[in-house]
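A.B. asks: Let's see this in three dimensions:
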Amino acid sequence: MTAEELVGINKKEVLRAKIEGIRLPDLMDKEFATVRPDDRLGDVLSRMMDLDLHEIPVSGDGKTLDGVVSYGTILRRKNLAIDTKVGSIKVSPPAVSPETPLTEAAEVLIHEGYRQMPIVDGGRIGGVLSRGHVLTVLRSIPELRDVPVEAIMTNEVRTVKGDDLAVDAVTAMRDLDIRILPVMDDLDRIMGIVGFKDLANYNWREKKRQTLGEAVGDSYPSDVHVSSVMIEEPVTIPPGTSVGDAAALMLDRSISSLPIVEDGHLHGIVTRHDLVELVASFRRRDMMYMQITGLENEDRFESEQMERIITQSVQKIARIMPPLMLSLHVGKYKQEGIRTKYSLHARLVTGNGVMNAMSAQWDLIQATTELMRTFERRIIEKKEEKLEHRRRSRNIGHP
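C.D. replies: The predicted structure follows:
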């Protein structure tokens, strides 16, 4: 569910002003950890794990920003030696200042994949803004706090079994660009949850791996099962839980995902990403925000074709519902010689709700076309459902 559906177009501007009236300096942490450019990657990763950080600023003097070490970014670089100096692998974060509107900062957090982001003023780090800070805003605004989680949850959830191999769980997370997988038993009831950091922690610390690739699963022991590294009895919520209560639970328990469960059966999952995306949907924009991740240099020709297909499809969708954001991740698997099978997973935020879709094909362009046709079909179905609901409402009480 997005801004227009929550409060109506007329009230959206009022609510946006309320959200953006909260300044970043009033939310961000003004005391924060940093690392030096000549620190070893192994030491930095260990510190990030101990502090439960996904990103950490790089600074020679603890004040001037040199860059950021991103857990998500370095996980995608295989076989980095743990003796690597972080100054050689740091990345430049997006420019976010203390005066950046909260809705824009929220959008940067989700579309750059950051959990913690430095707020910079004149080259100096003023503080660090996290997704958790944005969650506190949701708890303070009644129009957002009382929304049921079903309005923003992901209902098509990728899961694993307890007897699946841990290395396969790692591969699935990489392919889908996600960090959490619910673990199901043979009766399709939730029995646990496993995260990327849990797997990395186990493999690196227990086996004392010497390269990053080994640390996160490239050389994972073949006999380790998900059940041996998962978190048992995960925190879950029932259908009907409000966004405010879900945000409070995530903050109180320091967790990023909440499976929505009834009688042991999984209905969906809501994450900090979903909650921050809700705040970002209030940002004023003239066109849809689109992000494609997972493509490599050899895919650049196909990426141009993908964007054309997506643009044409979005134009059709816009005639029915206003599209606001599209996040698409491309995964590769089952490589046979020069052939590769592509797995596409996308999330479309419209003025009338959130939709998820996926497709898998040996041809990237065919997969993109199939994916967008799925969105088009669902948009049409949703429109027809609304029309039918209105028709029935008008006929109530009439013979």
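A.B. asks: how about the helices in this protein?
C.D. replies: Under the criterion DSSP state H, the chain carries helices at the ranges 3-7, 9-20, 41-51, 71-75, 102-111, 131-140, 142-145, 166-176, 196-207, 212-215, 243-253, 272-280, 300-318, 364-395.
A.B. asks: Now do the last one: which elements does it pack against?
C.D. replies: If you count contacts as 3 or more Cβ pairs under 8 Å, 6 or more residues apart in numbering; DSSP states H and E, helix 364-395 packs onto helix 300-318, strand 339-350, strand 353-361. The way it works is simple: take the backbone N, C-alpha and C, and place the C-beta from them, glycine included.
A.B. asks: Show me what counts as buried in it.
C.D. replies: When burial is assessed from 16 or more other Cβ atoms under 10 Å, helix 364-395 yields the following buried residues: Leu364, Ala367, Thr368, Thr369, Glu370, Leu371, Met372, Thr374, Phe375, Arg378, Ile379, Lys382.
A.B. asks: between those residues, which is closest to Val14?
C.D. replies: Each of these was scored against Val14 by Cβ to Cβ, and Lys382 proved nearest at 26.6 Å.
A.B. asks: Can you tell me how far that closest one is from Glu388?
C.D. replies: The gap separating Lys382 from Glu388 is 11 Å, by Cβ to Cβ, to the nearest Å.
A.B. asks: which regions of the stretch 201-350 of the chain lie under the pLDDT threshold?
C.D. replies: Counting by pLDDT under 70, the ranges of the stretch 201-350 of the chain that qualify are 201-222, 285-287, 298, 334-338.
A.B. asks: 90 - rerun?
C.D. replies: Within the stretch 201-350 of the chain, the segments meeting pLDDT under 90 span 201-234, 256, 263-265, 273-274, 277-278, 280-308, 311-312, 314-350.
A.B. asks: Scan the chain for its longest strand.
C.D. replies: What stands out as the longest strand in the chain, according to DSSP state E, is strand 323-336.
A.B. asks: buried stuff in that strand?
C.D. replies: For strand 323-336, the neighbour count (16+ other Cβ under 10 Å) marks Pro323, Leu324, Met325, Leu326, Ser327, Leu328, His329, Val330, Gly331, Lys332 as buried.
A.B. asks: Export the helices and strands packed on helix 364-395 as TSV, with columns for distance to Ile193 and mean neighbour count.
C.D. replies: Putting the helices and strands packed on helix 364-395 into TSV (distance: least, Cβ to Cβ, whole Å; neighbours: other Cβ atoms under 10 Å) gives the following:
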stretch	distance to Ile193	mean neighbour count
helix 300-318	32	15
strand 339-350	19	20
strand 353-361	19	18
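A.B. asks: can you redo these as JSON lines with distance to Glu150?
C.D. replies: Rendered in JSON lines, the data for the helices and strands packed on helix 364-395 read as follows (distance: least, Cβ to Cβ, whole Å):
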{"stretch": "helix 300-318", "distance to Glu150": "22"}
{"stretch": "strand 339-350", "distance to Glu150": "16"}
{"stretch": "strand 353-361", "distance to Glu150": "10"}
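A.B. asks: Out of the ones you listed, which gets nearest to Met28?
C.D. replies: Each of the helices and strands packed on helix 364-395 was checked against Met28 via Cβ to Cβ, and the shortest separation belongs to strand 339-350, namely 25.2 Å.
A.B. asks: can you give me the offset of that closest one from its chain's centre?
C.D. replies: Strand 339-350 sits 14 Å away from the centroid of its parent chain (Cα atoms, centre = their mean, to the nearest Å).
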